[in-house]
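Peer 1: Give me the fold of what follows.
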Amino acid sequence: MLIGYIFYCYNFVVIDYVRPYLVSELHFSVSQTAIISSAGTVGITVGALCWAEIIARLGRRRAAGAIAAAIGATAAIQAASGVFVTWAGARMLLAAALGGYYVVATGLVVALFPAGARGKLIAVNSAMYPTSNILVAAVGAAVGDAHWHILLWLGALPLPLSLILLLAIPRDDRYRAFDDTGPTQSAGSWREMLGPRWRWLTLGCVLLSGIDFNAYQLFFSFVTLYLKQVREASAGTMGLVIAVISAGSLIGTFAWAVIADRFGRRLPATGYLLSGAAILVFLYGGLGSQALVVPGFVFGFGLSCTTAWGVWFAEMFPLNLRPYGVALFQAGHILSIGAPLFAAFASERVGLIGAMSLAPLVYVAGAALWARLPETLGRPAPTEALSPL
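Peer 2: The predicted structure is shown next:
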């Protein structure tokens, strides 16, 4: 699963790194790259919602293999094309598969391991996100501007790896999920998640996730474009800044996991405040291009506070609803579908820096909401909704 998660993360982040090349080499406009990102947002939202239903009924093993194959195939289509419409369509299908992989990978951790270990294990998965950013930055710096397409073709590797997942993941009927000590429960559904008992908790999780994705799209999705167009940075400098941001996120992933497992799932909300402050220094601190690695590191460290979410969103719900709880993280994309287009629109009117400056405000709002959602550490699987807000 960890190998698969590397490529889940890789295909999620590579689009932001190659954005300047989509503009300069494929002659897409900034607005068209934003549409591609929005297509991915639609895809990952629909994918997470649909795959949660499929996984709950067909099992995690078969779903993981099918999802990995879909990721590899659609990544290959994306890499082979230079046409905007094909790119947007392939990105939507690829993102739909990515949404499913997050659900199945996080669901396996929650099912196979006790609560005290889940945060750390999810941290290992989440660490693949900054690791993938480091990989993208390193490969991008190594191949240079001339061979940027290599970055896209690497994303197709899950296609052959899908067979390995089918062999490595145990069948669902060969283990009993942790916390599963009560009577057998019927399969859950989105109707139950949105019913009176769980509705406000469900919507609170979706809103929090949506806040995260909006802030991410407003700032980090345009960092390479900022470095290339505003700072006129070289491919090497651009790779360095992204790599250091990712290193901060990698370290933060494990730090926040320890905090979440020891002190609760809500304390990591302070990471949002760190990220918001770091963005202001990044944009307005008067630093040289290479000195941006300092606030970049702090931003990455704070950003990884969401490591706690995969486990937390599952623990808020009873066992039969946990695949749906995990999917709420990706369901937040519903609220960020227009974020790339808004950022592109705003950048044309107030400048790229002005548009990116909105991200700290969004992070502060996210920290406030996070603090109001219920704590789950040390509590048994609920049968009634925890106090949501």
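Peer 1: Just the element for Val281, please.
Peer 2: Assigned by DSSP states H and E, Val281 belongs to helix 270-284.
Peer 1: where in the stretch 51-200 of the chain is pLDDT low?
Peer 2: Along the stretch 51-200 of the chain, the parts satisfying pLDDT under 70 run over 110-119, 166-187.
Peer 1: Give me the buried positions along the helix holding Val281.
Peer 2: 270-279, 281-283 (16 or more other CB atoms under 10 Å). Just so you know, the C-beta spots here come from the backbone N, C-alpha and C atoms, and that holds for glycine as well.
Peer 1: chain center to that helix, what's the gap?
Peer 2: Centroid separation between helix 270-284 and its chain, computed with CA atoms, centre = their mean, to the nearest Å, is 19 Å.
Peer 1: Contacts made by it with the rest, please.
Peer 2: 215, 219, 252, 256, 287, 292, 294-296, 298-299, 301-306, 353, 356-357, 359-361, 363-364, 366-367, 370 (CB atoms under 8 Å, 6 or more residues apart in numbering).
Peer 1: mind running it again at 7 Å?
Peer 2: Here helix 270-284 makes contact (CB atoms under 7 Å, 6 or more residues apart in numbering) with 219, 252, 256, 292, 295-296, 298-299, 301-305, 353, 356-357, 359-360, 363-364, 366-367.
Peer 1: are any of the residues you listed buried, and which?
Peer 2: Buried subset of those (neighbour count, 16+ other CB under 10 Å): 219, 252, 256, 292, 295-296, 298-299, 301-305, 356-357, 359-360, 363-364, 366-367.
Peer 1: Just the contacts of helix 270-284: which are in helices?
Peer 2: Judged by DSSP state H, those include 252, 256, 295-296, 298-299, 301-303, 353, 356, 359-360, 363-364, 366-367 as members of helices.
Peer 1: And Arg231, its phi and psi?
Peer 2: Arg231 adopts backbone torsions of phi -90, psi -10, taken as degrees, to the nearest 10.
Peer 1: Can you give me the distance of the nearest residue in space to Cys305 that is not next to it in sequence to Ala277?
Peer 2: Spatial nearest neighbour of Cys305, excluding adjacent residues (CB to CB, 6 or more residues apart in numbering): Gly271 at 2.6 Å. As judged by CB to CB, to the nearest Å, Gly271 and Ala277 stand 11 Å apart.
Peer 1: okay, now the closest residue to Ala243 other than its chain neighbours: neighbour count?
Peer 2: Ranked by CB to CB, 6+ apart and with sequence neighbours excluded, the top spatial neighbour of Ala243 is Ala137, at 4.1 Å. Residues within reach of Ala137, counting by other CB atoms under 10 Å, total 26.
Peer 1: May I see the buried residues of the host helix or strand of Ala137?
Peer 2: Assigned by DSSP H and E, Ala137 belongs to helix 115-143. Neighbour-count burial for helix 115-143 flags 115, 118-137, 139-141 (criterion: 16+ other CB under 10 Å).
Peer 1: Gly378 is in what secondary structure piece?
Peer 2: Counting by DSSP H and E, no helix or strand carries Gly378.
Peer 1: How confident was the prediction at it?
Peer 2: pLDDT recorded at Gly378 is 71.
Peer 1: Can you pull out the low-pLDDT segments for the stretch 251-389 of the chain?
Peer 2: Along the stretch 251-389 of the chain, the model assigns pLDDT under 70 to residues 379-389.
Peer 1: Go again with 90.
Peer 2: 253-254, 257-258, 260-266, 286-290, 307-352, 355, 374-389 (pLDDT under 90).
Peer 1: for the residue nearest to Ala215 when sequence neighbours are not counted, what are its contacts?
Peer 2: In this structure, Ala215 finds its nearest non-sequential neighbour in Val362, 4.0 Å apart by CB to CB, 6+ apart. Val362 is in contact with 211, 214-215, 218, counting by CB under 7 Å, 6+ apart.
Peer 1: quick check, nearest of the residues you listed to Leu93?
Peer 2: Lowest distance from Leu93 to the contacts of Val362 (CB to CB) belongs to Asn214, with 23.2 Å.
Peer 1: Now for the closest one, how many residues are close by?
Peer 2: As a burial measure, Asn214 scores 26 neighbours (other CB under 10 Å).
Peer 1: Next: Thr237.
Peer 2: Other residues within reach of Thr237, judged by other CB under 10 Å, total 19.
Peer 1: my guess is it meets Ala291, correct?
Peer 2: No. Contact criterion CB atoms under 7 Å: Thr237 and Ala291 do not qualify, at 10.7 Å.
Peer 1: quick one, strands of this structure?
Peer 2: For the chain, no strands are identified by DSSP state E.
Peer 1: same question for stretch 27-46, mean pLDDT?
Peer 2: Across stretch 27-46, pLDDT averages out at 86.
Peer 1: Just the CA trace of it, in CSV.
Peer 2: Extracted C-alpha coordinates of stretch 27-46, given in CSV (Å, rounded to 0.1, in the frame of the first residue of the first chain):
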residue,chain,number,x,y,z
HIS,A,27,0.8,27.3,-24.6
PHE,A,28,-2.1,26.8,-22.2
SER,A,29,-3.2,30.1,-20.5
VAL,A,30,-3.1,30.4,-16.8
SER,A,31,-6.9,30.2,-16.8
GLN,A,32,-6.7,26.9,-18.7
THR,A,33,-4.3,25.5,-16.2
ALA,A,34,-6.8,26.5,-13.5
ILE,A,35,-9.6,24.7,-15.4
ILE,A,36,-7.4,21.6,-15.4
SER,A,37,-7.0,21.9,-11.7
SER,A,38,-10.8,22.4,-11.3
ALA,A,39,-11.4,19.3,-13.5
GLY,A,40,-9.2,17.4,-11.1
THR,A,41,-11.1,18.7,-8.1
VAL,A,42,-14.4,17.5,-9.6
GLY,A,43,-12.9,14.2,-10.4
ILE,A,44,-11.4,13.6,-6.9
THR,A,45,-14.7,14.5,-5.2
VAL,A,46,-16.8,12.2,-7.4
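Peer 1: Could you check it and say which residues are buried?
Peer 2: Buried residues in stretch 27-46, counting neighbours by 16+ other CB under 10 Å, are found at 28, 30, 32-46.
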